[in-house]
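# Take a look and give me a structure for this.
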Amino acid sequence: MMSFKFNWQSVLAALAFIVAMFSLPLTTAASAETTTAILVVTAAAIALAMMDVGAAAGTWGLLVLVHIAVFQLLTTIHGAEGTAGWSFFLVLVACWLLAWRLVTMLSGDGSSRSGNSVIGRVIVPALFGIWILIIWEAITRGAGVPFVLLPPPSAIGARILTAVPTLAADFRQTVLKAVLFGFFVGSGAGFLVAILADRFRFLSNGLLPVGNLVSALPIIGIAPVMVIWFGFDWQSKAAVVIVMTFFPMLVNTIEGLKASGRMERDLMQTYGSSHWQTLFKLRLPAAMPFIFNALKINSTLALIGALVSEFFGTPIVGMGFRISTEVGRMNLDMVWAEIALAAVVGSLFYGAIALLERAVTFWHPSYR
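Presented below is the predicted three-dimensional model:
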């Protein structure tokens, strides 16, 4: 006998669905057949979310039904932007609540073991991101949000596909030249100076106040100066990135070198270790979490610094240049395409450093 397992997401989805039934039509352009199909699939998804049919069957069935319903819903406003009624948004809310229930089921209803699995680390975040785009698309098209205020994700995706050569050229100019060069030079210089500052105390006492001062300087104050000094090409942007990444690495490395315990340092002295032997065999390994923390901070600072500095003078190429130029032309889809590219690049850069950190600092308690 089929049993029911009520949960608050499916109950609220059912209430939103019932209210939507009394507020039809979904849109002024939706046919009766399309409306009926959407309502039937949504009702089936709500019923399935309330039934105790087993974890696998319930999860896969809800995954299929919810996304069929919401993508059918999105087709009703294609070419009919701004015509959505209250029932459209109520059905969207019902589907969103069911997707919430789906994510909860995939997460093991809050169990920590499922949260550490591939599903918890990959599929659930992917569904979360997909639903942000779905809601964005539905609201901008359904409510008729002006394109200049916020273009829908589908328009941004179409723009990305048609502007691949431009995006590739901007990526080479900003990321491959300015960001990577500035990141490695700035982080490497900060690390080496921190090693020297640890050995010679006067460097630490002199550089840390300067580091606090430089960290407080705004990018818009540094970038024009660097353009005057190093020209309009990528070298001036790399110089801004070097300044922005040098001191976070310096401060974190100096603090990390103090992380090793007094007992361990006394043991190294008992063995007759020199300063450099103690540094490489004890203190630097203990400082690795601090060093990787600086690298992760610098991965975001480098991209931000390069983008902002391109607003103050650059050749007719670059991600920051493209954003500032296309905003003036009201080509908001191209602006968002560059923003999407920057977000993907920044996320991949940060993720690569996080993976390297996990491989190097596997011994740290946070990874046990």
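
# Tell me how this protein divides into domains.
Under the assignment named as automatic domain parsing, the residue ranges that make up the domains of the chain are 8-145, 161-367.

# In CSV: those, plus mean pLDDT.
Shown next, in CSV, are the domains of the chain (pLDDT from 0 to 100):
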stretch, mean pLDDT
domain 8-145, 83
domain 161-367, 83
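
# what would these look like in TSV with mean neighbour count?
Every residue, glycine included, has its C-beta placed from N, CA and C. Shown next, in TSV, are the domains of the chain (neighbours: other Cβ atoms under 10 Å):
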stretch	mean neighbour count
domain 8-145	18
domain 161-367	18
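
# Relative to residue 151, tell me which of those domains wins on proximity.
Nearest to residue 151 among these is domain 161-367 (4.9 Å), distances taken as Cβ to Cβ.

# Run the chain-centre distance for the closest one.
17 Å (Cα atoms, centre = their mean, to the nearest Å).

# same question, stretch 6-21
A distance of 31 Å separates the C-alpha centroid of stretch 6-21 from that of its chain, computed with Cα atoms, centre = their mean.

# can I get the CA coordinates of it in CSV?
Included here for stretch 6-21 are C-alpha records, laid out as CSV according to Å, rounded to 0.1, in the frame of the first residue of the first chain:
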residue,chain,number,x,y,z
PHE,A,6,4.7,14.8,4.0
ASN,A,7,7.3,17.5,4.0
TRP,A,8,7.0,21.3,4.2
GLN,A,9,8.4,21.9,0.7
SER,A,10,5.8,19.7,-1.0
VAL,A,11,3.0,21.1,1.1
LEU,A,12,3.8,24.7,0.3
ALA,A,13,4.2,23.7,-3.4
ALA,A,14,0.8,22.2,-3.3
LEU,A,15,-0.7,25.4,-1.8
ALA,A,16,1.0,27.5,-4.5
PHE,A,17,-0.3,25.2,-7.2
ILE,A,18,-3.9,25.3,-5.9
VAL,A,19,-3.8,29.1,-5.8
ALA,A,20,-2.4,29.1,-9.3
MET,A,21,-5.3,27.0,-10.6
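
# and for it, what are the contacting residues?
The set of residues that contact stretch 6-21 without belonging to it, under Cβ atoms under 8 Å, 6 or more residues apart in numbering, is 39, 42-43, 46, 49-50, 86-87, 90-91, 93-95, 97-98, 100-101, 104.

# these two touch, right, residue 256 and residue 295?
No - using Cβ atoms under 8 Å, residue 256 is not in contact with residue 295; the gap is 11.7 Å.

# Tabulate the domains of the chain (JSON lines), appending distance to residue 153.
Putting the domains of the chain into JSON lines (distance: least, Cβ to Cβ, whole Å) gives the following:
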{"stretch": "domain 8-145", "distance to residue 153": "5"}
{"stretch": "domain 161-367", "distance to residue 153": "9"}
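
# so residue 77 makes contact with residue 138?
Yes - here residue 77 reaches residue 138: they are 7.4 Å apart, a contact under Cβ under 8 Å.

# what's the overlap in contacts for these two?
Common neighbours of residue 77 and residue 138 (criterion: Cβ under 8 Å, 6+ apart): residue 88.

# Can you tell me which of the domains of the chain is nearest to residue 154?
Proximity of those to residue 154 was assessed by Cβ to Cβ; the nearest stretch is domain 8-145, lying at 6.0 Å.

# gap between the two ends of that closest one?
With Cα to Cα, to the nearest Å as the measure, domain 8-145 spans 31 Å from end to end.
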